[in-house]
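J.: Quick check, what structure comes out for this input:
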Amino acid sequence: MPQHSSSADSSRLKAVLGPTNTGKTHLAIERLCAHSSGAIGFPLRLLAREVYDKVCPIKGPGQVALITGEEKIEPKTARYLLCTVEAMPVGADLAFVALDEAQLAADRERGHIFTDRLLHARGREETMLLGSATLEPLVKALLPRAEVVSRPRFSTLSHSGARKLSRIPPRSAIVAFSAEQVYAVAEMLRRFRGGAAVVMGALSPETRNRQVALYQSGEVDYLVATDAIGMGLNLDIDHVAFAGLSKFDGQRQRRLTTAEMAQIAGRAGRHQRDGTFGTLAGSGSHDAGFTPEEVYAIEEHRFPPLTRLFWREPEPDCSSIESLLADLSRPPVRPELAPAPEAIDLAVLRRLAEDADLLAGLRGQAQVARLWDVCRLPDFRQHGAEVHARFVARLWQDLRSGMLGGDYVAAAIAQLDNPAGDIDTLQMRIAAIRSWAYIAQRPDWVLARDEMAARARAAEARLSDALHARLTERFVNRRTSVLMKKVGTDAALLPVALVGDEVQVDREPIGVLAGFRFRIDPATRLADRKMLLAAAERHLPALRAARAEQLIAALGESHSAVSLTGSSLVWECEPVAQLVSGRTLLAPRLALDPALAGVELRLRQRLTTALERWLEGALAPLEPLRAIEMAASDPAAGPDLRAFLIRLVETGGMLERHGSVLDRLSKEQRDYLRKLGVRVGALDVFVPAMLKSPALAAWGTLQVARGSRVATAVPGMPPVLALPATAALPPGYRRLGPQAARIDIAEKLLRAAHGVRAAAGNKTFVLDPALAISTGLATVGYAQLLGLAGFKPIMPRPLRKGEFGPPQPPRWRWVPLRREVEPSRAAPDTAGAGNAFAALVELLR
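T.: So this is what the prediction gives:
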């Protein structure tokens, strides 16, 4: 029984683990788009659709596929696949593969599927596993070559105790664990707070998205949800209140684990905004509040690690029903894996296997495999194994002799396509239509598959619209606000004033004008917000125009009025413009902040001109690079020199000599390099002016503007600095053991060594380390630098017994470097020379 994939063994395998709100999914999307092809497996169709909608604008609809059990969008040219975990193409030849929420391998119902993908789904170049930190010990045990990366939560999550429903702050989610409790809480919020959006696992993805949009838009300030909120929903929630701390898990009523509590509580806070969690007082729940141990675990993200993952044979033997059941019941051989509890598909198969009449005439591997495929139809209606088995049995009777006719499937869909009825009725119809959407996606089950799948999707969309309307009617009160009664529908009648940076409407603060951006006060009442914002928007263009005039005047008076932070031009701690890629690397464009879109065109043009003039001065330290860029555009320079100059510009005026075309340049071309301010050293080619802090800071800004990640320049650019092995090498430095030397200092030391060599002629010579030590470079680093430049030590004869005298320093000889060998990898002799270097270091100490 294979436990690990043998394919793609040379690919990079990374496990990115951490709590919620750590940007793991965003990282996976970035890596997917960076490869030539790839797939991501998600635990929910909702998540797969959300990421599909993000990747399509980046790669184009023809390059991206959505593959779930109920919905398939598969262009023939698709190279990027967004799937549910069940629909992941495990054996596909893809450059990148990621598995989201990998800790669900410990889930009782679907865990074996996640375990199979964790063990076998591999990308040709890179594989990424995303999940909770509790998975780390099992990843290390099952996948010893995996690189584990821990992602900390960006914001703080803190416990705020128990609160009554009337004291729950706006932008909160109340989490309950039954539909009855969800409805009761939502009804109370409608009565006292204007309404709430409702999110439950039984809702279709479309209805869930519509309800989430109701909350995100600010039309309601509260969200009532089941634990379905814990996964796949990115919401602006400040506080999560638990209406209870226990749930029925399909077998028994039990208290939530700390990891489950944290998964739900972690919805509070977004990116770097902190969040809180607590319980709902007076909810009628018999659960005690959070224990101190649970609070500590949730706030500090410390949970007991998973001890075993559920496993089931992913490719069972379908030669007979008996062998199929035996394979699906076989235990794993690894101690880290546990037999999966009987999932509903296996329970259905066992019930069908007991019906001799139903399976009469079942022969051959193909028929058994087809029966197993039918048994794996998901129980969208959540009716349990007994009821679901009857539905599957009827489906198998229709499929065993062929395919389902289009008229039969169309009639079944039409019977469910009825938007009338209450919330529960519509939920049941949507669950049933999802079963038919799944059936219609199978090309070997349904005739006219594409037409039937489209009908099922259209029926689900209509039912989802009706369910959203019923939920909104029942749980949202769109009553007219007090301010609407006061001034009618014309928001312009409300007085607006700017007091400092604070924007006030009818003497009530609704936000601040920070720079040119208007930020809403989160404490503004929902009932008033739309009216107040409408009034403020009528006056904001004039306020922004006045600020634009202030900025133009400030730029004329002082160059320090604006600063560069990353690729943003910042005024009074707020971004006013962004650098974006321009015609060339050294000529970026300025994009004004979108908040200035409402300012009059001529004023925007004046502001742009003033900012461009300021930017020209800020990028003045890059003039040496501009001269090189101009020389690179001269056809008379020749193709080799032009290519060299272009590469020198692209690397910020610093280029390792190995691998460059320098050795192909003529003496005249090298003289031209010197006139341009380029210095050719033994190991590096560089522009000395680019080794200064202002020049490196300006270069780093341009790199950020083009979307590149660069190491931060070192302030002051000291000659030598300590550099741990795990730290990124700063620009302008060469790594030498536990230190890094500025490349011009390294070349200075090598020039001195070559001077001693030249004076010695063809004889060996002694090198004094005093100059290196005076720069702060340790003898270990100095010895490594000499070795990189071709200097070889010759250790003196050790003193014989009875001889006395001071130890003699080693002598050196120089061997010209072969330029086809990379200096940084051309380490000196690893046997005798290596021992000589060690003795040299000890001697020089």
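
J.: pLDDT below threshold where in the stretch 651-800 of the chain?
T.: Scanning the stretch 651-800 of the chain for pLDDT under 70 picks out the ranges 797-800.

J.: Please enumerate the helices of it.
T.: Along the stretch 651-800 of the chain, counting by DSSP state H, counting those that start in this stretch, helices occupy 667-675, 693-705, 743-760, 770-775, 779-788.

J.: hey, which of those is tucked in deepest?
T.: Comparing those by mean neighbour count (mean count of other Cβ atoms under 10 Å), helix 779-788 comes out on top with a mean of 22. C-beta here means a position set from N, CA and C on the backbone, and glycine is covered the same way.

J.: From the contact counts, what lies against the lengthiest strand in the chain?
T.: The residue-count maximum for a strand in the chain (DSSP state E) belongs to strand 574-584. When contacts are defined as 3 or more Cβ pairs under 8 Å, 6 or more residues apart in numbering; DSSP states H and E, strand 574-584 packs onto strand 568-571, strand 587-592, helix 601-618, helix 693-705.

J.: counting contacts, what elements does the last one pack onto?
T.: Think helix 693-705. Contact here means 3+ Cβ pairs under 8 Å, 6+ apart; on that basis helix 693-705 packs against strand 562-565, strand 574-584.

J.: With the third one instead?
T.: The helices and strands touching helix 601-618, judged by 3+ Cβ pairs under 8 Å, 6+ apart, are helix 526-557, strand 562-565, strand 568-571, strand 574-584, strand 587-592.

J.: For the first one, give the mean pLDDT please.
T.: Spelled out, it's helix 526-557. What helix 526-557 shows for mean pLDDT is 73.

J.: and the next element down the chain from the helix or strand of the chain with the lowest mean pLDDT?
T.: Lowest mean confidence among the helices and strands of the chain (mean pLDDT, DSSP states H and E): helix 482-487, at a mean of 36. Proceeding N to C from helix 482-487, the next assigned helix or strand is strand 496-499, under DSSP states H and E.

J.: So what are the sheet partners of that next one and their directions?
T.: strand 502-505 (antiparallel) (DSSP bridges).

J.: Centre of the chain to the partner strand, how far?
T.: Mean-position distance between strand 502-505 and its chain equals 37 Å (Cα atoms, centre = their mean, to the nearest Å).

J.: Near L601, how many other residues are there?
T.: As a burial measure, L601 scores 7 neighbours (other Cβ atoms under 10 Å).

J.: my bad, A197
T.: 29.

J.: From V175, how far out is it?
T.: Per Cβ to Cβ, to the nearest Å, A197 is found 13 Å from V175.

J.: hang on, the earlier thing: now tabulate the helices and strands packed on strand 574-584 in a markdown table and tack on distance to C33.
T.: Below are the helices and strands packed on strand 574-584 laid out as a markdown table (distance: least, Cβ to Cβ, whole Å):
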| stretch | distance to C33 |
| --- | --- |
| strand 568-571 | 23 |
| strand 587-592 | 22 |
| helix 601-618 | 30 |
| helix 693-705 | 19 |
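
J.: what ranges do the strands span in the stretch 51-200 of the chain?
T.: Per DSSP state E, counting those that start in this stretch, the stretch 51-200 of the chain carries strands over the ranges 64-67, 72-73, 80-84, 96-99, 126-131, 147-150, 157-163, 172-175, 197-199.

J.: Nearest to L245 among the ones you listed would be which one?
T.: strand 172-175 (9.7 Å; Cβ to Cβ).

J.: Report the contact partners of F42.
T.: Shown in contact with F42 (Cβ atoms under 8 Å, 6 or more residues apart in numbering): 48, 51, 82-85, 100-101, 232.
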